[in-house]
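Student: fold the following and give me the result.
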Amino acid sequence: MPIKTITMTPAPGYMVHICAACGAEHTVSFDRGAQKTRTGPFVLQPGDTLVVRVDGAEPATATFAAGSFPDFTRVSAAQLAAKLNATLAGVQAVDDAGGVLIESTSVGPDSCVQIVDGTARAALGFATNGWADPCHSRPMLGISLGAEQVMDKDIMALRRCNDCGANECLVRTFDAAPAHLDGTHLMAHRQAVNSLAEHCKSCGWSHPDLAEHHAAELARPRDVHAQVLDQPVILPRFVHPVVGADVRSTPSGRR
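Tutor: As a prediction, the model looks like this:
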């Protein structure tokens, strides 16, 4: 999951990453729950619905009635975002590299967006098989899927890529990378991931099952990026570029 940009400005900060599986670009806020559609345009049907739960409240339904879009066979990300903003309370929907990023307007531990139902789910790239997205809230350090499944203090799960279905993760590392990697983008990427993990830890953004462990940690990653907390870190090209993905340009910024 090559990181394209990581910054803490404007608050609460955000990351742009490229899906390693399909090359889709995704923006992830550091303290705001969100979900994202696949890349448009979309083929919808008059009367289609999307049922969304925001910040744990009762689900709300967006209905795409006849006349909602000029052409239901080619709905653009901008058109869909405008419809969702006009229909759903508590969200801000934007065109994010061709897909619709649906973010909660709130920040904090309860900021959350979940797609729970609707006839438009499949067309928009949301799972219909009951699989839960690993990260419908803000990113956090550590994952836990039950005592007999997966528990890892070093992993930060990312939101599911709705273009290809990949569930990618970022992994903090405590060993020092070989000296010959100094100055490479591979090292810059490693430093950015570790620095983000340190930021999550310092903010208390730990998985509840691992918060006590993180609070008791004395060691910290050796490879960190000095700039990550005060100015953007832009990683324009990687040692092993993503096939089909253009990671040379930088984002235009956030609203």
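Student: specify the residue ranges that define each domain of the protein.
Tutor: 1-30+138-238, 32-137 (automatic domain parsing).
Student: and the last one, how far apart are its ends?
Tutor: Same thing as domain 32-137. 6 Å (CA to CA, to the nearest Å).
Student: off-centre distance for it?
Tutor: Centroid displacement of domain 32-137 relative to its chain, using CA atoms, centre = their mean, to the nearest Å, is 14 Å.
Student: show me where the stretch 151-255 of the chain has helices.
Tutor: 185-203, 211-216 (DSSP state H, counting those that start in this stretch).
Student: mean pLDDT and mean neighbour count added to the domains of the chain, as JSON lines?
Tutor: For every residue, glycine as well, the C-beta is placed using N, CA and C. Shown next, in JSON lines, are those (pLDDT from 0 to 100; neighbours: other CB atoms under 10 Å):
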{"stretch": "domain 1-30+138-238", "mean pLDDT": "85", "mean neighbour count": "17"}
{"stretch": "domain 32-137", "mean pLDDT": "94", "mean neighbour count": "18"}
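Student: give the contact list for the residue positioned nearest the centre of the chain.
Tutor: For the chain, the residue nearest the mean C-alpha position is Val28 (3.6 Å; CA atoms, centre = their mean). By CB atoms under 8 Å, 6 or more residues apart in numbering, the contact list for Val28 reads 14-17, 34, 139, 158-159.
Student: if we use 10 Å, what do you get?
Tutor: Neighbouring residues of Val28 by CB atoms under 10 Å, 6 or more residues apart in numbering: 3, 6, 13-17, 34, 36, 96, 101, 103, 135, 138-139, 156, 158-159.
Student: that one: which element?
Tutor: Here Val28, judged by DSSP states H and E, is contained in strand 25-29.
Student: paired strands for that strand, with orientation please.
Tutor: Sheet partners assigned to strand 25-29 using DSSP bridges are listed as strand 14-18 (antiparallel).
Student: compute the inter-axis angle for the strand it pairs with and helix 185-203.
Tutor: 140 degrees (axes from the mean of the first three to the mean of the last three CA atoms, to 10 degrees).
Student: Thr37 belongs to a helix?
Tutor: No: counting by DSSP: H, G, I helix; E, B strand; the rest coil, Thr37 falls outside a helix, being strand.
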